[in-house]
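1. sequence plus predicted model, see below.
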Number of protein chains: 4
Amino acid sequence: MKEIKISIAGASGITGIELLKILDRHEYSTIITVLSRTFEDKKISSVFQNTLNLNKNKNIFFKNFFSKSDIKDSDLIFLCLPPGKSMEYVKYLMENDYKGKIIDLGSDFRLKKPEVYEEWYKDRHILKDMLPRFVYGLPELNKKEIKNADYVANPGCYPTSVILALAPLLNLKYLEFDSITIDSKSGVSGAGRKLKDDYLFLNISENFFAYSPVKHRHIPEIEQELKNISESVNKISFTPHLLPINRGIFTSIYVGGTNIGEIIDAEDKIRAFYEDFYKNETFIKFINNDVPKISNVSGTNSAHIGFMADYRTSIIKIFSAIDNILKGASGQAVQNMNLMFGLDEEEGLNMLGNYN
Amino acid sequence: MKEIKISIAGASGITGIELLKILDRHEYSTIITVLSRTFEDKKISSVFQNTLNLNKNKNIFFKNFFSKSDIKDSDLIFLCLPPGKSMEYVKYLMENDYKGKIIDLGSDFRLKKPEVYEEWYKDRHILKDMLPRFVYGLPELNKKEIKNADYVANPGCYPTSVILALAPLLNLKYLEFDSITIDSKSGVSGAGRKLKDDYLFLNISENFFAYSPVKHRHIPEIEQELKNISESVNKISFTPHLLPINRGIFTSIYVGGTNIGEIIDAEDKIRAFYEDFYKNETFIKFINNDVPKISNVSGTNSAHIGFMADYRTSIIKIFSAIDNILKGASGQAVQNMNLMFGLDEEEGLNMLGNYN
Amino acid sequence: MKEIKISIAGASGITGIELLKILDRHEYSTIITVLSRTFEDKKISSVFQNTLNLNKNKNIFFKNFFSKSDIKDSDLIFLCLPPGKSMEYVKYLMENDYKGKIIDLGSDFRLKKPEVYEEWYKDRHILKDMLPRFVYGLPELNKKEIKNADYVANPGCYPTSVILALAPLLNLKYLEFDSITIDSKSGVSGAGRKLKDDYLFLNISENFFAYSPVKHRHIPEIEQELKNISESVNKISFTPHLLPINRGIFTSIYVGGTNIGEIIDAEDKIRAFYEDFYKNETFIKFINNDVPKISNVSGTNSAHIGFMADYRTSIIKIFSAIDNILKGASGQAVQNMNLMFGLDEEEGLNMLGNYN
Amino acid sequence: MKEIKISIAGASGITGIELLKILDRHEYSTIITVLSRTFEDKKISSVFQNTLNLNKNKNIFFKNFFSKSDIKDSDLIFLCLPPGKSMEYVKYLMENDYKGKIIDLGSDFRLKKPEVYEEWYKDRHILKDMLPRFVYGLPELNKKEIKNADYVANPGCYPTSVILALAPLLNLKYLEFDSITIDSKSGVSGAGRKLKDDYLFLNISENFFAYSPVKHRHIPEIEQELKNISESVNKISFTPHLLPINRGIFTSIYVGGTNIGEIIDAEDKIRAFYEDFYKNETFIKFINNDVPKISNVSGTNSAHIGFMADYRTSIIKIFSAIDNILKGASGQAVQNMNLMFGLDEEEGLNMLGNYN
């Protein structure tokens, strides 16, 4: 039995706490150090009442920085940091001769072209030469690379929901199409615990609206990865909306101008292909003849994907549902960790789900 | 001051009760008879505790059918009935020589071609010759016809949210486009008070999903009305979703393959055109430089419309928000009544809204 | 027809905006000046999209202070201010020779004994001699005094829900009891728009908890008013809780150690007394043989009250439901205004309610 | 390692499905047969999309009755049945010579006196002689009895939240009191998946109300168990309310007429006693100096308990929060199973919780 010694930067945010909760039940994890500036020197369960239910990590204290020995002892460091901060930490770790692995839940190492990062994030990238060393951590598509990786860039929540839904379709060589229109709806936890007017109960409950309607930062990430799958993908239209729920993303994708009318048994063929594409993937369920629902994946690391061919308009509709904090962030990060350390991919990710 | 004597069939459903609540505050309305099979002979406020707050109509009893004198005395009959039932009532009224006006909140007289009705509703239309006599009751587009109409087919909730949002754009002659993709999200009240598993709190709360993903019955209504505005519209793609809120529809419309890149100041021009298009319409607000939100229209008869040009993908995004029970049903029905009887269009529709 | 010229301090908070919305539909109101430090010089509808639906007050701008002419011209000033601020404004108005009426929605003039204010609010009262001139503005109990008042202290939301529920019972001279235990549950709007962690959607949705469990500041207000009704009331136990809804307070009151077992037909008698007590009060509905629900009063100025005798334990249970922002704040303030100016008590308060 | 062969009657209700989900992750459980009349011969994951995430039990089919071999092979049978049904099943099992253990999640064997059952459930008890053989399965209070039991009556959800909260206090011999007033608030899942108007999203969302205000069937169960702890308990007042959330019970208990004013350091002493009382109980957390919240226990088998002394009114306030489906039903049932079979009490109950 191998023990994996783990440290976490940004441990008191939503994805950090969720990571700690998963690792608490992970057989091989040992937490060394968790960082939080806001709660420095505070015991985790005195700040977050829900961590009273933890077992091995209940009495952890937050620290303000990684000591030399933290860096020396850690086999794996998770970064749960806002844009621009992960690269600072990675730089610091490299300068201090860190030998372990890194999983970055932030956005600094997802975009392979630094100029694209700088355009969408309006910030200089200070660690361009590290970009090629980070593998894009979507396990169902890049499993082999992840297994061999030292550094993984964990995908964004929206990109996870989009790419998993589209990957099989884009692999269907005989399918032609004109456009991809993506309409995503996310629970509020996607915004973390930001104290912003928009995220007050008052302003979310019994409400719904689109935001960042033309320039959400997940767009270049989606485009980069879809183009990797199929050269026929060009620019995509992506519009995020805020749902009055805590957890979950539901993504509706409209693939327009298709040749489905010309393909015999198009719908059956595509269905069969989807089934087959993910048949060995424990966390992906293809919902045959129905539409997925957020409630069925909430609290789990699963993605549910559904599909419908609209012959009347030559549009293919694909729907996906994930838990944005689990498969869209911390759950997928642990899935990546399991692969990087040769463990069972499901270790620690056996949640029951929240549904009644 | 004119008094309008009103009867309602299907008065105990959500749109029926909402109508009664509006008419209770309407200066010129007098309720004669309200029908409900379920609650025959029951006093309205003994069945619906919220009608205890009514003034003039608090003590109304539900009846089972219209008597001869009801038919003789009514100046206006509202029909709040499921598909197939309105035509039966209209037939009965005609056979009994009803001389008053009719506003049908149901779907039987919205589609002008009976064969389209029969295809989408899987039912025979028994009153085809009455179809031409019903005016499609979207006041902002058909005001003159409604003022002169005896019979009005009140629009569906989704079509209202779609057509109001697209009408100005479709009137822009120099704008070309390939496709219209509509992604609508509705609160649960759209399903009425149906006792169905899907509508239990348990199955809606902290959940979200698409339904009827390729064949919702509002599609032919949307297509019919959009084609009336612009011949360049062909088939549209429409996908409804269920929101974990009571009231409100938010519609996101993606107009693809446009020539916006070739038009100088495209965005400013379109904005100005939208502003101008609805400048005399008291219930339509164009939200300049922002996205509309359901909370700002919930509990009102208003539609809020927003707009965003995505030059990068040549897509125009239009967003609209309405209260599905008011502007999407009973509020619009009273707006139509006001026009048909030469009253102030806002009479009885001066609600404050639910927003905090 | 009299015109009432009105100014509002603290107009951009939840109760301030709600007041403006009500007054927008109030036949005799004319807004002169509305104050908001946060939004000085901003147009109201540019800050609050929901005020786009206003009619006469849509184009109001927020100001930072009352000018001499504001003070001279106002017939009525509403104060929607946090504890300690109303007295400063009243002092300023007095010093500037204000001749009009005042309705204070804050807490500074509700407690008649300044030492009680100072104990519970931990602050000095700077205007003790004005306290006797403020009438406690609960119209159903103090109508005559309010009609003659120049200055009204508008009740707190919890006290409104408690006092209206208990007043009839406390007037029953033959009823004896030992204790009054009050368990109140309020929607989040009661906390205004405060940017506090506790009020994030994330922390309210799918959650519930008690707060301020032994020293909520509404306790002395409740005790003062209940003792005015019956000397048999001593200290009461009051515990507030936060509900995952926007609007509404539901209060459960347990009157313990009663002699109901000794009274013949106790339940019928008490019911009859409740019915009779409020029979002329348009905003109070006694729910016979059922329990009130928040949904039936949400969006209205009504209070619904229900009652149940538990003979087994000699406890009387009383339930009340109000909309905390309307009957619990701004609606009641307009009701007081109507009484103070000799208008119909319902003017401007004819809302339909939010219920489906 | 021992394998426990398990069957479940009533497996398709909320508690049945939750039980199946827990047992799916339970190392020693093997499901033999699950019964559901509604879904006879259907595969579980074809009916409940959320069970697609199960591992070992994903392909189970529902059956209509237990065969002879089911009865012979089962080591443990869980009954998840409505009132009156469990006794029929137990009778049938006894008649068919069932040798295994039984955990009844229903209400038929909780009340020790059959006449009390018959009074509150308005039904004849057909298996009175079995009543003494059923142990009341509240592990924190009856651990030894449960370990030795063949038959366990799993507590009701409200009683669990009440008894755990009060047990330490009632064990404080020097504490005197007059009355116990209980105000409980439950999420909607407590009502199962019943298709009832009251449980529609429309009627729960943005709403709150009391129900069964004087005669809820959990009252005699609470009284029976509290009297077992302390003879000073007599009749208690219990009032349940419905919360607009899916899961969780929050209970507020007011212990009135106490002598806390006479005890030196009363609050500190009681706190210390609570801490100590549950110090070896892994599922009970005493929340020192704060109030528990539903969000911190939702999705877990934990109970959080808080406490506050109100010296001003001589009232002690105790608050508890549990997940009604887990600690209030299926989680506690598995906790009992673990004890009955000599396993680690936490086996299978290591959930992370739903909180963000």
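-> Arrived safely. Numbering: from 1, shown residues only, chains lettered A, B, ... in the order given.

2. contacting residues around the spatially closest residue to A:A191 that is not a sequence neighbour?
-> Leaving aside its sequence neighbours, A:A191 sits nearest to A:Y199 (CB to CB, 6 or more residues apart in numbering or on different chains; 5.6 Å). To be clear about C-beta, it is placed using only N, CA and C from the backbone, and glycine gets the same treatment. A:Y199 makes contacts with A:V188, A:A191, C:L200, C:F201, C:L202, as judged by CB atoms under 8 Å, 6 or more residues apart in numbering or on different chains.

3. restricted to helices, list these.
-> C:F201, C:L202 (DSSP state H).

4. can you pull the pLDDT of A:K2?
-> A:K2 is assigned 83 on the pLDDT scale.

5. that one contacts A:T30, doesn't it?
-> No. A:K2 is not in contact with A:T30 according to CB atoms under 8 Å; the separation is 10.4 Å.

6. which one of the two is surrounded by more residues?
-> A:T30 (14 against 9; other CB atoms under 10 Å in any protein chain shown).

7. which SS class is A:F78?
-> strand (DSSP: H, G, I helix; E, B strand; the rest coil).

8. what residues does it make contact with?
-> Here A:F78 is in contact with A:I6, A:S7, A:I8, A:A9, A:G16, A:L19, A:I102, A:I103, A:D104, A:L105, A:A333 (CB under 8 Å, 6+ apart).

9. so which of the residues you listed wins on neighbours?
-> Most surrounded of the contacts of A:F78: other CB under 10 Å gives A:L19, at 30 neighbours.

10. the stretch 151-300 of chain A against chain D: which residues are in contact?
-> Contacts of the stretch 151-300 of chain A with chain D, taken as CB under 8 Å from any CB of the partner chain, map to A:189, A:193, A:205-206, A:246-247, A:285, A:287, A:290, A:292-293, A:295-297, A:299-300.

11. likewise for the stretch 1-150 of chain A?
-> Within the stretch 1-150 of chain A, the residues that sit near chain D (CB under 8 Å from any CB) are A:I14, A:I17, A:E18, A:K21, A:I22, A:D24, A:R25, A:Q49, A:N50, A:L52, A:N53, A:N55.

12. and whichever helix or strand A:T251 is part of, which residues are buried?
-> Using DSSP states H and E, A:T251 falls within strand A:249-256. For strand A:249-256, a neighbour-count test (16 or more other CB atoms under 10 Å in any protein chain shown) marks A:I249, A:F250, A:T251, A:S252, A:I253, A:Y254, A:V255, A:G256 as buried.

13. thinking again about what came up before, and the gap between the residue nearest to A:A191 and chain B?
-> 14 Å (CB to the nearest CB, to the nearest Å).

14. next up, the contacts around the residue in the stretch 1-150 of chain A that chain C sits nearest to.
-> Among the residues of the stretch 1-150 of chain A, A:I14 lies nearest to chain C; the distance is 8.0 Å by CB to the nearest CB. With contact set as CB under 8 Å, 6+ apart, A:I14 has these partners: A:S189, A:G192, A:R193, A:I325, C:L202, D:N356.

15. number of nearby residues for A:I229?
-> So A:I229, with other CB under 10 Å, has 16 neighbours.

16. could you do the one 5 residues further on as well?
-> Counted by other CB under 10 Å, the residues lying close to A:N234 total 12.

17. and the gap between A:Y158 and chain D?
-> Taken as CB to the nearest CB, the span from A:Y158 to chain D is 18 Å.

18. wait, isn't that residue in contact with A:I222?
-> Yes. Assessed by CB under 8 Å, A:Y158 is found in contact with A:I222 at 7.1 Å.

19. tell me the mean pLDDT for stretch A:344-356?
-> pLDDT averaged over stretch A:344-356 gives 88.

20. isn't there a strand covering A:F319?
-> Yes. Counting by three-state DSSP, A:F319 is located in a strand.

21. where does the closest residue to it other than its chain neighbours land in three-state SS?
-> In this structure, A:F319 finds its nearest non-sequential neighbour in A:G306, 4.5 Å apart by CB to CB, 6+ apart. Secondary structure state of A:G306, per three-state DSSP, is strand.

22. how far away is A:G306 from A:K285?
-> Computed with CB to CB, to the nearest Å, the distance linking A:G306 and A:K285 is 10 Å.

23. same question for A:P114.
-> In terms of CB to CB, A:P114 sits 37 Å off from A:K285.

24. more neighbours: which of those two?
-> A:K285 (23 against 15).
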